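>>> just coords:
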Ligand SMILES: Cc1cc2nc3c(=O)[nH]c(=O)nc-3n(C[C@H](O)[C@H](O)[C@H](O)COP(=O)(O)O)c2cc1C
């Protein structure tokens, strides 16, 4: 059942070198393009990387995440109004896609398509992991991929045969993300209760990685929330990446 398949998803971070059969890759890509898409426009492109030398270059641009070197396939999903713009121009239609709204619409479509690809890959026994580093390093990746105006890399899927067996990761209780009819803001006690399990699970998981444990101790961090704010996603890094992304949006004609 689709439900069982979705609910057993685990991000995989350790891969075998075994290549992915072409027939399966074709189906993964077809499934991506079968996703709902705004106006049936498909304002996205998918860049395939298989070549180990190119993966080694991308490894540097993805903050040296080891799985980039291991997995035989990377799919980089780009928000892309370039193709649509060209088609409109060929047909004497004036394109009006150079704005923030179109970037957001295209980026939404990217993630729906990527998730179809991810679920299909998993249905073939493959593992996947999304790369948040695509957004963080989008300016350098756009340069690396030689993206023209209108094209911005926004996410990457690492795909390959899993070389690890993991437990399911916890999620917030469903009641914690649901609101009846209107948004009901959270009281302090409700937030504390919702995050209680995650606080212990996440902390123990991070402390089990020697590199991360050393960073956590060095930063004087004492709880999971501080791991997020002071170690994993620091204010300076977020501010710098945001600034660079705004520049990229301008360069690619979205602002
Ligand atoms: C958009 C996005 C970006 C992500 N980026 C990374 C990443 O750069 N590195 C990584 O190890 N995991 C990454 N992940 C995986 C998440 O850490 C993972 O989904 C989360 O911890 C929940 O675990 P699960 O997918 O195994 O249930 C990303 C997930 C998403 C949706």
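Perfect, thanks for sending it. Bear in mind the structure is a predicted one, so any value in this text is a computation, not a measurement. Numbers count the residues shown, from 1 in each chain.

>>> quick one, strands of the stretch 101-250 of the chain?
With strands called from DSSP state E, counting those that start in this stretch, the stretch 101-250 of the chain shows them at 127-131, 151-160.

>>> Would you mind telling me which of those strands is nearest residue 102?
Smallest distance to residue 102 across the strands of the stretch 101-250 of the chain (CB to CB): 11.3 Å, for strand 151-160. Backbone N, C-alpha and C define where each C-beta goes, glycine included.

>>> so what does that closest one touch, helix or strand wise?
helix 67-70, strand 73-80, helix 100-123, strand 127-131, helix 133-136, helix 138-144 (3 or more CB pairs under 8 Å, 6 or more residues apart in numbering; DSSP states H and E).

>>> helix or strand right after the second one?
Using DSSP states H and E, the helix or strand that follows strand 73-80 towards the C-terminus is helix 82-90.

>>> Now do that following helix against strand 151-160, angle only.
Computed with axes from the mean of the first three to the mean of the last three CA atoms, to 10 degrees, the direction of helix 82-90 lies at 140 degrees from that of strand 151-160.

>>> Could you list the buried residues of helix 82-90?
82, 84-85 (16 or more other CB atoms under 10 Å).

>>> hang on, residue 213 packs against residue 207?
Yes: proximity of residue 213 to residue 207 meets the contact threshold set by CB atoms under 8 Å, at 5.0 Å.

>>> Residue numbers of the chain in contact with the ligand?
9-11, 13, 65, 129-133, 155, 169 (CB under 6 Å from any ligand atom).

>>> make it 8 Å
With the criterion set to CB under 8 Å from any ligand atom, the chain comes near the ligand through 9-13, 62-63, 65, 67, 111, 129-135, 155, 166, 168-169, 171.

>>> where does the chain have its least confident helix or strand?
Every helix and strand of the chain was ranked by mean pLDDT, DSSP states H and E. The lowest is helix 210-218, at a mean of 91.

>>> what packs against that helix?
helix 188-207.

>>> In the helix it packs on, which residues are buried?
Neighbour counts over helix 188-207 (16+ other CB under 10 Å) mark 194, 198, 202-203, 206 as buried.

>>> Now do that helix against helix 210-218, angle only.
Going by the same axes, to 10 degrees, helix 188-207 makes 130 degrees with helix 210-218.

>>> does the nearest residue to residue 99 once chain neighbours are set aside sit in a helix or strand, and which one?
With CB to CB, 6 or more residues apart in numbering as the criterion, residue 99 has its nearest non-adjacent residue at 6.6 Å, and that residue is residue 254. For residue 254, there is no host helix or strand (DSSP H and E).

>>> Ramachandran coordinates for residue 254?
phi -100, psi -10 (degrees, to the nearest 10).

>>> number of nearby residues for it?
Using other CB atoms under 10 Å, residue 254 is surrounded by 22 other residues.

>>> Tell me how far the residue lying closest to residue 137 once chain neighbours are set aside lies from residue 133.
In space, residue 137 comes closest to residue 61 once its chain neighbours are excluded; the distance is 5.1 Å by CB to CB, 6+ apart. Distance, residue 61 to residue 133, by CB to CB, to the nearest Å: 7 Å.
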